[in-house]
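Asks: Sequence and computational prediction follow.
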Amino acid sequence: MFIFKLRVFIFIFSFLSYSALTYAQGNQSQDLNSASNARMYAKLELASNYIEDGLTQTQSTWGFVSDIGYRMPQFEIGVRASNASYPNEQVHICLKPHVSIIANFSQTSRFFIDYEMRQYYTIGDRNGGAATLGLDIGQFRIRHKDTTNWENTDYYKSKWSFGYDFLVGDNFIVPLDAGYNILDVSTHPNYVDATTGIIYRQVNVDYFAKVTYTNGTTPFAGAQEAQVYVGLSASY
């Protein structure tokens, strides 16, 4: 199933990849494939709510997402981590070892495939994984993500999403993202989620305020309610 979707994705967006290559001409200031670009990286995000695919993962309370690893021009390996809190369950820590294969077209355009394994502590019933195919062209992005054992249902979820960053002056960004979630479980309807807000960027730190909305209904036990949250993201 995943291989088939991978082929479809590559076929549909082959012309966009060609556009990205064209876009890159005249904008590529250095050899993106040079081994000298390999380095360690780290990222930490703290926010008043941790949202994934339009659903709160922390019952609308504070959360963190971190990522540390090693990045090369065509390859990335690391470990993501986040906290999570669900009704009638203990607080979880989720470790997400991941690996990515990357094709860079320019400084701001790339195609990538990412797979992460999800291991929850202290309860492992939510363990699963997620595979993401992504294409970035300048400020435009498109994603296709497949998730196993979605929301501890033992079922599969597929999501198509699109996003664009509107640049406002030198330091402000207005992101707009929308996705359609296709669920392989009869008790939960397919749903749309959307997120927007404002980001203030300062070198390696982003300060943000965002609002997210889904059209999901009661099977999500309130996790789908519209949320307003703030936070910061620091990277190295």
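Replies: Looks like it arrived, so ask away. Numbers count the residues shown, from 1 in each chain.
Asks: if we look at whichever strand or helix holds N181, which residues are touching it?
Replies: Using DSSP states H and E, N181 falls within strand 172-183. Strand 172-183 is contacted by residues 53-54, 143, 150, 155, 157-168, 189-201, 210 when judged by CB atoms under 8 Å, 6 or more residues apart in numbering. In short, each C-beta sits where N, CA and C put it, glycine included.
Asks: can you check stretch 140-150 too?
Replies: With CB under 8 Å, 6+ apart, stretch 140-150 has contacts from 1-2, 5, 9, 13, 16, 53, 126-135, 155-164, 179, 183, 185.
Asks: Could you list the buried residues of it?
Replies: Residues of stretch 140-150 classed as buried by neighbour count (16 or more other CB atoms under 10 Å): 141-150.
Asks: quick one on the thing from earlier: return the distance of the strand holding N181 from the chain's centre.
Replies: 10 Å (CA atoms, centre = their mean, to the nearest Å).
Asks: pLDDT of the helix or strand following that strand, averaged?
Replies: Sequence-wise, the next helix or strand downstream of strand 172-183 (DSSP H and E) is strand 191-202. Per-residue pLDDT over strand 191-202 has a mean of 96.
Asks: Then stretch 109-121?
Replies: 95.
Asks: which parts of stretch 70-79 are buried?
Replies: Going by neighbour count (16+ other CB under 10 Å), the buried part of stretch 70-79 is 71, 73-74, 76, 78.
Asks: How about stretch 193-211?
Replies: 193-195, 197, 199, 206, 208, 210.
Asks: residue ranges of the helices in this structure, please?
Replies: 2-12, 14-24 (DSSP state H).
Asks: re earlier: buried ones among the contacts of stretch 140-150?
Replies: Applying 16+ other CB under 10 Å to the contacts of stretch 140-150 flags 9, 13, 16, 53, 126, 128-135, 155-159, 161, 163, 179, 183 as buried.
Asks: Sort out for me which of the residues you listed are in strands.
Replies: 128-135, 157-159, 161, 163, 179, 183 (DSSP state E).
Asks: Test for you: state the pLDDT assigned to the closest residue to V79 other than its chain neighbours.
Replies: Distances taken as CB to CB, 6 or more residues apart in numbering place P97 nearest to V79, at 5.2 Å, with adjacent residues excluded. pLDDT, P97: 98.
Asks: Give the full set of residues in contact with P97.
Replies: If a contact means CB under 8 Å, 6+ apart, then P97 has 78-80, 116-117, 119 as its contacts.
Asks: go with 7 Å
Replies: Taking CB atoms under 7 Å, 6 or more residues apart in numbering, we find P97 in contact with 79, 116-117.
Asks: now do S66
Replies: Counted by CB under 7 Å, 6+ apart, S66 has contacts 43-44, 80-81.
Asks: In CSV, list those along with distance to F172, pLDDT and neighbour count.
Replies: Listed next are the contacts of S66 as CSV, based on distance: CB to CB, whole Å; pLDDT from 0 to 100; neighbours: other CB atoms under 10 Å:
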residue, distance to F172, pLDDT, neighbour count
K43, 21, 97, 16
L44, 22, 98, 15
R80, 27, 97, 17
A81, 29, 97, 16
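Asks: of all those, which comes closest to F105?
Replies: Taking CB to CB as the measure, F105 sits nearest to K43 out of these, at 22.5 Å.
Asks: My guess is the closest one contacts S235. True?
Replies: Yes - under the criterion of CB atoms under 7 Å, K43 makes contact with S235 at 4.4 Å.
Asks: Okay then, goodbye and thanks.
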